[in-house]
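Chemist: Return atomic coordinates for the entry below.
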Amino acid sequence: MLATRQPVLRRFWYPVMPAALVDQGPQPFTLLDERIVLWKDGNGRYAAMADRCPHRSAQLSKGWVDGNALVCPYHGWAYDGSGTCVRVPQRPDSGGLKGTAVETFACTERYGHVWVALDEPLGALDALTRIEMQRLLEQGWEVRGTSRHEQGLALVEAAGIEPALADPQQPGTLLDLVGDVTAVYWLLGSASGEAENIEAVHGPRLERFLERLVETPVRRFVYEAAGSVDPAVLAKGASAVRKAGETWRIPVEVLDHPAGPQIDVSKLG
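Modeler: Residues are numbered from 1 along each chain as shown. Here you go, the predicted structure:
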């Protein structure tokens with residue numbers, strides 16, 4: 001079976017194109033064989049929808065943005081970010097006609113790119129995790145990924161990563177896994193849960209883990225300082241990581257943007 005026909009792949013977030021390109025006007029893109037159009041409305045919100053007008057099947061990506069609506073180039077039908085038809089020039093009172101809606105997809109802007117998920121996303125968008133793990137896999141490194149839930153392990157394995165059950169709230173469960181590990185990536189910048197627990201994994205739990213790393217073969221620690229977590233919490237975590245690097249002589253790296261520091265994995269071997 002073709003990979004693009006695996007339903008679960010439609011639930012992942014994908015960085016489709018730079019936001020600056022979408023800012024210039026509607027843009028066409030094909031994602032997993034789905035033809036979509038990306039555009040930005042007058043309020044600065046990005047949207048993704050099927051690149052096909054339900055009226056006469058014209059490509060909406062060849063149209064233009066008028067306020068908060070995307071206008072079809074053929075007969076001028078206009079659609080808002082939810083896919084609702086808000087204007088038909090030939091019938092001024094016909095906005096929202098039954099059967100005229102366009103299919104829409106989950107869409108957001110993060111780290112200078114527009115991201116799309118074709119079906120209900122599996123979870124919060126985590127850009128750095130994807131980019132850094134993909135980079136290591138492409139360079140031939142064996143990567144082990146953890147999840148605190150059994151159901152999350154299947155998703156880790158589907159990404160080509162060795163799955164392992166562990167919980168950052170319990171640093172000991174992570175330390176049990178690093179006996180044969182060269183580098184640790186603390187990619188929790190978009191972690192979800194209770195605020196108290198999020199602060200803990202970027203605070204005391206993180207600090208405890210770093211203290212114990214001196215007893216392991218780990219040669220580098222990489223911390224994700226960007227994502228949906230409160231920037232103030234991430235800033236404290238980044239500070240703790242840098243301090244640990246100086247105190248315990250642990251080589252550390254702080255990632256604050258997917259196009260930021262390039263990890264030289266040749267230094268890890």
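Chemist: what does stretch 79-95 contact?
Modeler: 41, 45, 47, 49, 54, 60, 68-70, 72, 75-78, 96-97, 100-104 (CB atoms under 8 Å, 6 or more residues apart in numbering). All C-beta atoms are positioned from the backbone trio N, CA, C, and that covers glycine.
Chemist: how does it look with 10 Å?
Modeler: For stretch 79-95, contacts defined as CB atoms under 10 Å, 6 or more residues apart in numbering pick out 37, 39-41, 43, 45-50, 53-55, 60, 63, 66-72, 75-78, 96-105, 107.
Chemist: Need the CA coordinates for that stretch. CSV is fine.
Modeler: Only the C-alpha atoms of stretch 79-95 are listed here, as CSV (Å, rounded to 0.1, in the frame of the first residue of the first chain):
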residue,chain,number,x,y,z
TYR,A,79,-15.4,31.9,0.9
ASP,A,80,-14.2,32.6,4.4
GLY,A,81,-11.6,30.7,6.4
SER,A,82,-14.2,28.2,7.6
GLY,A,83,-15.1,27.3,4.0
THR,A,84,-18.5,29.0,4.1
CYS,A,85,-19.7,30.8,1.0
VAL,A,86,-20.2,34.4,2.1
ARG,A,87,-20.9,36.0,-1.2
VAL,A,88,-22.3,35.2,-4.7
PRO,A,89,-22.1,38.3,-6.9
GLN,A,90,-25.1,37.2,-9.0
ARG,A,91,-27.2,36.8,-5.8
PRO,A,92,-26.2,39.4,-3.2
ASP,A,93,-28.5,37.8,-0.5
SER,A,94,-27.3,34.2,-1.1
GLY,A,95,-24.3,33.9,1.3
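Chemist: what's the domain layout of this protein?
Modeler: Per automatic domain parsing, the domain ranges recorded for the chain read 3-117, 127-267.
Chemist: For the ones you listed, could you give me a markdown table that also reports mean neighbour count and mean pLDDT?
Modeler: Formatted as a markdown table, the domains of the chain follow (neighbours: other CB atoms under 10 Å; pLDDT from 0 to 100):
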| stretch | mean neighbour count | mean pLDDT |
| --- | --- | --- |
| domain 3-117 | 17 | 85 |
| domain 127-267 | 16 | 83 |
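Chemist: Check which helices and strands the lengthiest helix in the chain is in contact with.
Modeler: Criterion DSSP state H: the longest helix present in the chain is helix 231-248. Applying 3 or more CB pairs under 10 Å, 6 or more residues apart in numbering; DSSP states H and E, one finds that helix 231-248 contacts helix 195-201, helix 204-213, strand 220-224, strand 252-255.
Chemist: closest to residue 162 out of the ones you listed?
Modeler: The closest of those to residue 162 is strand 220-224. By CB to CB, the value is 17.5 Å.
Chemist: strand partners of that closest one, parallel vs antiparallel please.
Modeler: strand 183-186 (parallel), strand 252-255 (parallel) (DSSP bridges).
Chemist: Pipe those strands into CSV and attach distance to residue 161 per row.
Modeler: As requested, the strands paired with strand 220-224 are arranged in CSV below (distance: least, CB to CB, whole Å):
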stretch, distance to residue 161
strand 183-186, 11
strand 252-255, 18
